[in-house]
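*Asks:* how would this look folded up:
(chains A and B)
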Amino acid sequence: MPDSLTSESSRKPSKWSMAGKDPWTMPIEDIDLSHPGIWEAGEHLPFLERLRDEAPVHYCRQSAVGPYWSVMKYKDIMEVDTSPAIYSSEPTIGIVDILPEFDAPSFIAMDPPRHHAQRKVVQPVVAPENLKKLSATIRERAAGILDELPVNEEFDWVERVSIDLTTRMLATLFDFPFEERYKLTFWSDMATAIPGGGVAESHEHRWRAMQECLACFTELRNRRINEPPRADLLSMLAHGEATRDMPPMEFLGNIILLVVGGNDTTRNSISGGVVALNKFPGEYDKLRRDPSLIPNMVSEIIRWQTPLAYMRRSAKVDTELRGQRIKAGDKVVMWYASGNRDPEAIENPDEFRIDRPNARRHLSFGFGIHRCMGNRLAELQLRILWEEILRRFHSVEVVGEPRRVYSSFINGYINLPVKLLPL
Amino acid sequence: MLAPVFYDPGTMIKVNFIEHDGTERTVEAVDGNSLMLAAVSNNVPGIDADCGGCCSCGTCHVYVNEEWLNRLKPMDEDEEDMLDMVDERRSNSRLACQIKVREHLDGLIVTTPEFQF
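*Replies:* Numbers count the residues shown, from 1 in each chain, chains lettered A, B, ... in the order given. All right, here's what the predicted structure looks like:
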């Protein structure tokens, strides 16, 4: 099974990859978390641990994406995330700097005041009142998906459940043509793909997909402009004062943000929950005995999985963090995946405990003005899904090694072979 | 829980939380602690406080009774920024983690929203 981790990939071996290296003995200055190799191989955790212990604010001098700082501790991440005047979200929140011709700005990569104005336009889609209305739809869809699944037979959980449920939800939020919703998954995957990494063949391939996405959404938006305002994301963008006159690239950027934000993240938490419960069967027993633990478990899943491994900032001014001198212009990467495993903030952090006290205090949604907008929707989807799973099956058993995404940003799974055991 | 043997009424301040459905609760807050902490340590429902009290998540949102509003210290820019993103913000919205409970707030009344965002 484990060979499935390395096969089926068209990319060439990279000199930057640390996969297979010993995290405890390699020179600490050479540790480079930005390369996707260790993340795909699922070998990232000990590297995070070593940096947390020995170089909690670590400078990587050389990497495929240039020099950058890594912030590893919960407390320091909190400080960076809540100091937007020092650590800017512009020009981008990814490790890779964007070529000007491929730049599609969005509010996640903006500082106030532009950030606030644009975010406010789309925020109502995930407001409590709207979520109340959505919850019946989510339950119906989750039930529909689960009822179609085979019992006692191997299938891919990622494809049949994680992707399907999140894509249906996303289509609903945008009021996107439902039968064409698979396009949303495709664009989401392409948007975060590393050229040559298996999903996108090249920059151009990726860019063609993005152009196609822009064309499709522009047409839909143009239709919304001529219709009365409705409670879907596209209508909100089309009518919102701060968003209606967006240039095409900025419109694309915000569409991608909402598509990726509502897709990859929840998808990988849905898969990650199954992986976690299988690694900690005692917790699965606990869950079956007491389903009222589901809401708390959902927060614990989101911490344990940390579906987005990091967010990047850029220092606006010379500053200091844990004694390290960070210069204006330096890239600063907050590794949420590390902060969420920091024993100084979270007791026995590598353990998955569905009744963990203060489970909500994880970093996966970020903190401060850029805190995840869809956090409550994500929790709602996971909660309802697990309620419906427990109603139908004794367990979702992992029956093979999952293949992980080739990315240091998307911390998740390409596939997850499972078998359902009946009640 | 054991009741404290010596109780100094001077150090405890009463604050009132009203839930969105009208349920009222009076709890005792420690002088100098935040209103959020008073809620969380007394199991007042409706306050999530995901960030633990550093004004960075907006999940300890409360509506302050109008009569008490001007007795609070005005909010700073960080609180303003976080509240700016709360969809159900009203003119009397505040974050409980930014309200330090002091003697002059004895009897404070706040309402918790149905959902923390």
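
*Asks:* quick one, strands of the chain?
*Replies:* Just going to use chain A. Counting by DSSP state E, chain A has strands at residues A:57-60, A:68-71, A:87-88, A:155-156, A:310-315, A:319-321, A:324-326, A:331-335, A:393-398, A:403-404, A:413-415, A:417-422.

*Asks:* ah, I was thinking of chain B
*Replies:* Using DSSP E, strands in chain B cover B:12-18, B:24-30, B:61-64, B:93-95, B:108-111.

*Asks:* format these as CSV; extra columns: mean pLDDT and distance to A:Ala109.
*Replies:* C-beta here means a position set from N, CA and C on the backbone, and glycine is covered the same way. Converted to CSV, the strands of chain B look like this (pLDDT from 0 to 100; distance: least, CB to CB, whole Å):
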stretch, mean pLDDT, distance to A:Ala109
strand B:12-18, 94, 38
strand B:24-30, 94, 40
strand B:61-64, 96, 26
strand B:93-95, 96, 26
strand B:108-111, 97, 36
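
*Asks:* adding mean neighbour count and distance to A:Ile38, write these out as CSV.
*Replies:* Listed next are the strands of chain B as CSV, based on neighbours: other CB atoms under 10 Å in any protein chain shown; distance: least, CB to CB, whole Å:
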stretch, mean neighbour count, distance to A:Ile38
strand B:12-18, 19, 47
strand B:24-30, 15, 46
strand B:61-64, 24, 40
strand B:93-95, 22, 39
strand B:108-111, 20, 48
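
*Asks:* and those: which comes nearest chain A?
*Replies:* Of all the strands of chain B, it is strand B:61-64 that lies closest to chain A, at 11.0 Å by CB to the nearest CB.

*Asks:* dump the strands of chain B to CSV, plus distance to chain A.
*Replies:* Shown next, in CSV, are the strands of chain B (distance: least, CB to the nearest CB, whole Å):
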stretch, distance to chain A
strand B:12-18, 18
strand B:24-30, 19
strand B:61-64, 11
strand B:93-95, 13
strand B:108-111, 15
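
*Asks:* circling back to that earlier point, what would the strands of chain A look like in a markdown table with mean neighbour count and mean pLDDT?
*Replies:* Below are the strands of chain A laid out as a markdown table (neighbours: other CB atoms under 10 Å in any protein chain shown; pLDDT from 0 to 100):
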| stretch | mean neighbour count | mean pLDDT |
| --- | --- | --- |
| strand A:57-60 | 20 | 98 |
| strand A:68-71 | 24 | 98 |
| strand A:87-88 | 22 | 96 |
| strand A:155-156 | 18 | 98 |
| strand A:310-315 | 22 | 97 |
| strand A:319-321 | 15 | 98 |
| strand A:324-326 | 16 | 98 |
| strand A:331-335 | 25 | 98 |
| strand A:393-398 | 18 | 98 |
| strand A:403-404 | 22 | 96 |
| strand A:413-415 | 21 | 96 |
| strand A:417-422 | 17 | 98 |
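
*Asks:* nearest to A:Arg223, out of those?
*Replies:* Taking CB to CB, strand A:310-315 is the member of those nearest to A:Arg223, at 33.8 Å.

*Asks:* does that closest one come close to chain B?
*Replies:* No - using CB under 8 Å from any CB of the partner chain, strand A:310-315 stays clear of chain B, coming no nearer than 13.6 Å.

*Asks:* so which elements touch that strand?
*Replies:* Helices and strands touching strand A:310-315, by 3 or more CB pairs under 8 Å, 6 or more residues apart in numbering or on different chains; DSSP states H and E, are strand A:87-88, strand A:331-335, helix A:336-339.

*Asks:* for those, give me TSV that also has distance to chain B.
*Replies:* What follows is these, written out as TSV (distance: least, CB to the nearest CB, whole Å):
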stretch	distance to chain B
strand A:87-88	13
strand A:331-335	13
helix A:336-339	13
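
*Asks:* who touches the helix-or-strand element of chain A with minimal mean pLDDT?
*Replies:* Across the helices and strands of chain A, mean confidence by mean pLDDT, DSSP states H and E is lowest for helix A:114-122: a mean of 86. The contact list for helix A:114-122 (CB atoms under 8 Å, 6 or more residues apart in numbering or on different chains) reads A:89, A:106-107, A:110, A:233, A:236-237, A:240-243, A:254, A:258, A:369-370, A:373, B:81, B:84-85.
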